[in-house]
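Student: make a model of this:
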Amino acid sequence: MSNDSNSNIATADALTLLLHNQHALGAAIEEVTRWLSENGVEDVAENAIAAMETLDTNARAITDAITRLRQS
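Tutor: Numbers count the residues shown, from 1 in each chain. Sure thing, here's the model as predicted:
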């Protein structure tokens, strides 16, 4: 296995861990958002939803990068 391949594997592994963290953060924000909505704090809940959308967008980009690295 070449150094470049080892580097790609290490990078993909690190990105995978970051992706798992993104999913965990998204789940936590979703729980807080639900609580905010149920307790009448709609404007803050809307901000939390925007944060979740950003996490989703970035998660897709990270997933694409992981796939490209693992294919090289």
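Student: ok, the most centrally placed residue in the chain - contacts?
Tutor: Nearest residue to the geometric centre of the chain (C-alpha atoms, centre = their mean): Gln22, 2.9 Å. Gln22 is in contact with Leu55, Asn58, Ala59, Ile62, counting by C-beta atoms under 8 Å, 6 or more residues apart in numbering. Heads up, the C-betas are built off the backbone N, CA and C, glycines and all.
Student: filter those down to the buried ones, ChimeraX style.
Tutor: Typed into ChimeraX, the line below selects the buried ones among the contacts of Gln22, using 16 or more other C-beta atoms under 10 Å:
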select :55,59
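Student: would you list every one of the helices in the chain?
Tutor: Under the criterion DSSP state H, the chain carries helices at the ranges 3-38, 42-71.
Student: for Ala48, grab the count of nearby residues.
Tutor: Burial of Ala48 is recorded as 19 neighbouring residues (other C-beta atoms under 10 Å).
Student: for the nearest residue to it once chain neighbours are set aside, give me the pLDDT.
Tutor: Nearest non-adjacent residue to Ala48, counting by C-beta to C-beta, 6 or more residues apart in numbering: Thr33, 4.1 Å away. On the pLDDT scale, Thr33 is placed at 93.
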